[in-house]
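Q: just need the structure, nothing else, for what follows:
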Amino acid sequence: MGSEYLAKLLSKVLHLKALIWQRIPRIIALINKTIRPSLFHRTAMSCLNKSPGL
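A: So this is what the prediction gives:
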């Protein structure tokens, strides 16, 4: 492999790394947005099922 090819490959890898790190906060926000309502629903239902007199 030539040094020019390796330099281009490294450049692409570094660019992809930068893109991934840039998008991590958005991905985490999306995951939290998706998971939190589900967790809230399960917790609420669990509390209702344990309440005396229902």
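
Q: chain center to the helix or strand Asn32 falls within, what's the gap?
A: Per DSSP states H and E: Asn32 is located in helix 3-50. Put simply, helix 3-50 sits 2 Å off its chain's centre (C-alpha atoms, centre = their mean, to the nearest Å).

Q: where does this protein have low pLDDT?
A: Scanning the chain for pLDDT under 70 picks out the ranges 1, 39-41, 44-45, 48, 50-54.

Q: mind redoing it with 90?
A: Under the criterion pLDDT under 90, the flagged ranges of the chain are 1, 21, 27-54.

Q: circling back: counting contacts, what elements does the helix holding Asn32 pack onto?
A: Helices and strands touching helix 3-50, by 3 or more C-beta pairs under 8 Å, 6 or more residues apart in numbering; DSSP states H and E: there are none. Where C-beta positions appear, they are placed from N, C-alpha and C, glycine not excepted.

Q: ok, now which ones touch Lys8?
A: Taking C-beta atoms under 8 Å, 6 or more residues apart in numbering, we find Lys8 in contact with no residue.

Q: how near is it to Trp21?
A: Lys8 sits 21 Å away from Trp21 when distances are taken as C-beta to C-beta, to the nearest Å.

Q: got it, and His15?
A: Separation of His15 from Trp21 (C-beta to C-beta) stands at 11 Å.

Q: and Ser3, by the same measure?
A: For Ser3, the distance to Trp21 equals 27 Å [C-beta to C-beta].
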